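Asks: below is the sequence, then the predicted model.
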Amino acid sequence: MKFQELKSLYELPFFELISESRKVHEVNWPKNEIQLCTLLSIKTGGCSEDCSYCAQSARYKSGVDAERLMPKCDILERAQAARKNGSTRFCMGAAWKGVRSGTKRFEEVLDIVRGVSELGMEVCTTLGELGPEEAKKLKEAGVTAYNHNIDTSPEHYPNIVSTHTFEDRLQTIRNVQDAGMSVCSGGILGLGETVDDRLKMIEILSNFNPPPESIPINKLMPMPGTPLAGADPVDTFDVARTIACARISVPKAKIRLSAGRTALSEEAQALCFFAGANSIFYGDKLLTANNPQTTQDLKLLNKLGISPQSPNPKMKSPKVNSEIPLAPQGV
């Protein structure tokens with residue numbers, strides 16, 4: 001969708017916008033289901049990047065200590081527990097600028113991916129920047145989706161990060177798509193951006209070719225010691241409006257209500273689900289921030305009559321639209 005179309009949608013009266021997004025949701029996602037995902041930080045802290053929202057940056061005194069890559073046996077144990085608790089996607093995040101083929105840590109990650117892929121869950125990784133070779137090897141090892149958020153608009157991005165560019169993010173996404181993996185890419189609300197920045201972010205996501213398989217919408221959880229520690233909270237209605245616009249503009253994507261759910265009441269989460277969110281991160285931890293407890297999540301879904309979605313480890317990535325030229329950056 002184009003920016004002006006999104007802006008017209010966003011500015012609709014709230015109930016009219018939510019009604020429109022619900023219609024789109026019910027056509028494309030007729031089953032009353034939500035995907036349960038578990039996110040594990042397999043390598044925490046010590047990152048060389050300066051993302052101003054991230055407690056894992058080595059540049060900030062956030063209280064997050066740098067740790068080595070978790071042993072494979074520990075990761076597999078956590079993955080098995082996640083599967084037992086109902087998660088259908090296991091996401092592994094590492095606080096690195098990127099990975100390079102032929103290095104010891106990348107070979108260790110590939111071995112871990114192979115092990116997790118044998119458990120019958122979808123496998124997602126977020127490891128920073130990827131080149132074409134690294135993307136291909138991750139696909140061959142069993143990764144079904146790669147997470148690489150674009151965070152905000154291209155115009156606002158330099159205010160948030162200086163150690164890489166917005167175009168760097170898009171190039172990694174292009175490499176992931178070319179390797180045949182699905183793309184999981186979204187943004188963060190509360191970075192000091194305007195509504196226009198949020199809509200420009202959605203505009204770019206909606207024009208990916210192929211489209212993103214899932215779009216995480218994160219509500220900033222200000223982390224002590226980071227430049228955004230004192231950021232103003234995002235209004236719940238703004239979160240719901242953003243989810244609604246994402247649902248309408250990318251009808252077949254899973255819209256994931258991600259970080260920040262601890263700041264949302266059950267009623268607010270239900271509103272976001274009604275607006276079009278149909279995926280959540282599920283468990284006790286979301287990288288370095290708390291996440292609603294497993295039992296609380298299951299109780300809420302039970303109240304709403306929502307069932308967990310079945311796993312699809314052989315999930316095929318969205319198809320390229322051959323009528324639209326592929327841009328080098330993935331848009």
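Replies: Noted; the coordinates are in hand. Just so it is clear, the structure is predicted and the values come from calculations on it, not from any experiment. Numbers count the residues shown, from 1 in each chain.
Asks: give the bridge partners for the spatially most central residue of the chain, please.
Replies: With distances taken as Cα atoms, centre = their mean, residue 216 lies nearest the centre of the chain, 3.7 Å away. For residue 216, the beta-bridge partners under DSSP bridges are residue 256.
Asks: my guess is it contacts residue 147, does it?
Replies: Yes: counting by Cβ atoms under 8 Å, residue 216 does reach residue 147; the two are 7.3 Å apart. Bear in mind the C-beta positions are built from the backbone N, C-alpha and C, glycine included.
Asks: joint contacts of the two?
Replies: Contact with both residue 216 and residue 147 is made by residues 184-185, according to Cβ atoms under 8 Å, 6 or more residues apart in numbering.
Asks: read off the pLDDT value for the residue nearest to the centre of the chain.
Replies: Listed pLDDT for residue 216 reads 96.
Asks: neighbours of residue 303, just the number please.
Replies: 10 (other Cβ atoms under 10 Å).
Asks: got it, and the one 5 residues further on?
Replies: One way to gauge burial is a neighbour count; for residue 308, by other Cβ under 10 Å, it gives 18.
Asks: would you list the phi and psi of it?
Replies: Backbone torsions of residue 308, given as degrees, to the nearest 10, read phi -70, psi 140.
Asks: before we move on, what about residue 245?
Replies: Residue torsions, per degrees, to the nearest 10, at residue 245 are phi -70, psi -40.
Asks: check residue 54 too.
Replies: phi -100, psi 120.
Asks: residues in contact with it?
Replies: Per Cβ under 8 Å, 6+ apart, neighbours of residue 54: 47, 60, 223, 226.
Asks: what about the closest residue to the last one other than its chain neighbours, is that helix, strand or coil?
Replies: In other words, residue 226. Distances taken as Cβ to Cβ, 6 or more residues apart in numbering place residue 60 nearest to residue 226, at 5.1 Å, with adjacent residues excluded. What DSSP: H, G, I helix; E, B strand; the rest coil gives for residue 60 is coil.
Asks: how much space separates residue 60 from residue 191?
Replies: 15 Å (Cβ to Cβ, to the nearest Å).
Asks: so which of those two has more stuff around it?
Replies: Using other Cβ under 10 Å, the more surrounded residue of residue 60 and residue 191 is residue 191, with 24 against 20.
Asks: so that one sits right up against residue 218, yeah?
Replies: No: counting by Cβ under 8 Å, residue 191 does not reach residue 218; the two are 9.7 Å apart.
Asks: doesn't residue 227 make contact with the residue nearest to residue 226?
Replies: Yes: the criterion here is Cβ under 8 Å, and residue 60 meets it with residue 227 at 7.5 Å.
Asks: could you pull out the helices for the stretch 151-300 of the chain?
Replies: 166-178, 195-206, 236-249, 266-275, 294-304 (DSSP state H, counting those that start in this stretch).
Asks: most packed of these?
Replies: helix 236-249 (a mean of 24; mean count of other Cβ atoms under 10 Å).
Asks: give me the buried positions along stretch 211-227.
Replies: 211-223, 226-227 (16 or more other Cβ atoms under 10 Å).
Asks: closest to residue 168 out of the residues you listed?
Replies: Closest to residue 168 out of the buried residues of stretch 211-227 is residue 212 (17.6 Å), distances taken as Cβ to Cβ.
Asks: relative to residue 52, how far out is the residue nearest to residue 226?
Replies: For residue 60 relative to residue 52 (Cβ to Cβ), the value is 9 Å.
Asks: one step back: need the contacts of residue 54 in CSV (columns: pLDDT).
Replies: Shown next, in CSV, are these (pLDDT from 0 to 100):
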residue, pLDDT
47, 86
60, 78
223, 87
226, 91
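Asks: which of those residues sit farthest apart?
Replies: Most distant of the contacts of residue 54, by Cβ to Cβ, are 47 and 223, 12.9 Å apart.
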